[in-house]
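In: Return a 3D structure for these sequence lines:
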Amino acid sequence: MRIVVLPGDGIGPEITAVTVAAVEAASKKFNLGITLDHDLTGLEGYKRHGKTVTPELVKKVEGADGLILGPTDTYIYKGEGQVNPSMFFRKHLDLFANIRPARTYPGVPTRVNAFDLVVVRENTEGFYADRNMASGGSEMLVTPDVVVSLRRITRECCERIARAGFELAQRRRKKVTLVHKANVLKIGDGMFLEVSRAVGKEFPEVAIDEYIVDAMMAHVVRAPEKFDVIVTTNMFGDILSDLTAELSGSIGLGGSVNAGFKHAMAQAAHGSAPDIAGRDIANPFSLILSAALLLDWHGRRKSLPAFNQAARAIEEATVAAVAAHEATGDIDGKLGTRATGEAFAKRILAA
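Out: Numbers count the residues shown, from 1 in each chain. Presented below is the predicted three-dimensional model:
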């Protein structure tokens with residue numbers, strides 16, 4: 001497996017270095033033969049090449065088996081007319097499924113009962129101005145005081161995100177929750193529900209329930225243990241997945257993979273946090289867990305069970321490391337970023 005590694009901005013290089021060490025340890029432990037191709041994007045890419053994403057980088061990523069992207073601080077170079085690397089690769093590679101697991105960890109204080117769920121978020125259309133119109137953004141300044149924002153919902157995108165969710169639920173606890181706002185967005189979310197229900201009939205062992213999005217926010221805070229796989233549209237999933245990650249004790253424990261049929265990108269659930277960059281206190285586990293999801297995606301796509309075993313080993317090592325306080329201070333750990341990574345790699349190799 002060949003993975004392109006782009007460390008990004010802010011804390012990106014710090015947590016990416018730790019993640020690379022974890023992937024290399026897993027590759028050695030499970031004989032995966034992973035090769036890592038390091039390159040630049042974000043601010044460093046812009047400084048070196050005059051662009052955040054170059055044609056050469058695009059070609060390299062297209063030819064790889066996966067991408068690890070550190071968080072990028074798009075506000076730094078937004079005024080220079082440069083593209084957001086995260087947005088670009090999601091759209092260019094058609095990474096239609098954003099898979100965001102969230103679970104509680106022994107040793108991390110929370111205000112909710114123990115839970116283990118996954119948000120499956122449509123990633124290529126919806127209320128995102130950059131993902132709807134071939135001619136450009138879908139927000140229009142009609143007059144100086146009036147803005148119109150368009151949302152695109154298609155039957156094809158509803159079908160494939162629903163299928164991704166039901167296939168995942170089939171491997172888990174066999175329950176899918178559809179989250180929508182069809183009482184107001186009757187046509188768009190109505191189509192999402194119609195298509196999702198139709199896909200659900202192909203999975204008779206999977207139970208289905210449905211929640212209006214505002215009610216869902218209350219239910220998931222009150223009793224997150226009730227949920228298994230949550231399938232929803234882009235904006236709702238973006239908000240809901242941040243909420244569920246934080247319910248686990250820290251958004252720094254939220255893994256995230258953007259997956260398509262041919263490509264996938266591991267990406268931390270959080271941002272570049274420039275205020276703590278270089279201080280050796282950034283929590284690396286979100287990107288580590290995202291890399292595990294990337295390995296699992298590759299293993300399933302290529303029918304290579306060793307990659308799935310490696311992904312589970314990384315997840316289990318995360319549970320053990322957090323419980324042993326071999327982690328950063330935001331989750332009651334005792335180590336800095338670099339030491340957390342060193343201890344984690346040793347744990348993988350010793351398992």
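In: hmm, who's touching stretch 108-120?
Out: Residues outside stretch 108-120 that contact it (CB atoms under 8 Å, 6 or more residues apart in numbering) are 97-104, 161, 164-165, 168, 172, 221, 223-225, 227-232, 237, 240-241, 244, 247-250, 253, 322, 331-332. From N, CA and C alone the C-beta is placed, and that goes for glycine too.
In: taking those residues one by one, which sit in strands?
Out: Ala97, Asn98, Ile99, Arg100, Pro101, Ala102, Arg103, Val229, Ile230, Val231, Thr232 (DSSP state E).
In: I'd say the first one and Phe166 touch.
Out: No: applying CB atoms under 8 Å as the test, Ala97 and Phe166 come out as separate, 11.9 Å apart.
In: ok, the closest residue to Gly10 other than its chain neighbours - contacts?
Out: In space, and not counting its chain neighbours, Gly10 is closest to Ser272: 3.0 Å by CB to CB, 6 or more residues apart in numbering. Each residue near Ser272 by CB under 8 Å, 6+ apart is listed here: Gly8, Asp9, Gly10, Ile11, Gly12, Gly70, Pro71, Thr72, Asp73.
In: try 7 Å this time
Out: Gly8, Asp9, Gly10, Ile11, Gly12, Pro71, Thr72, Asp73 (CB atoms under 7 Å, 6 or more residues apart in numbering).
In: Can you lay out these as JSON lines showing neighbour count and distance to Glu24?
Out: Below are the contacts of Ser272 laid out as JSON lines (neighbours: other CB atoms under 10 Å; distance: CB to CB, whole Å):
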{"residue": "Gly8", "neighbour count": "29", "distance to Glu24": "19"}
{"residue": "Asp9", "neighbour count": "27", "distance to Glu24": "23"}
{"residue": "Gly10", "neighbour count": "24", "distance to Glu24": "23"}
{"residue": "Ile11", "neighbour count": "30", "distance to Glu24": "20"}
{"residue": "Gly12", "neighbour count": "28", "distance to Glu24": "18"}
{"residue": "Pro71", "neighbour count": "27", "distance to Glu24": "21"}
{"residue": "Thr72", "neighbour count": "26", "distance to Glu24": "23"}
{"residue": "Asp73", "neighbour count": "19", "distance to Glu24": "26"}
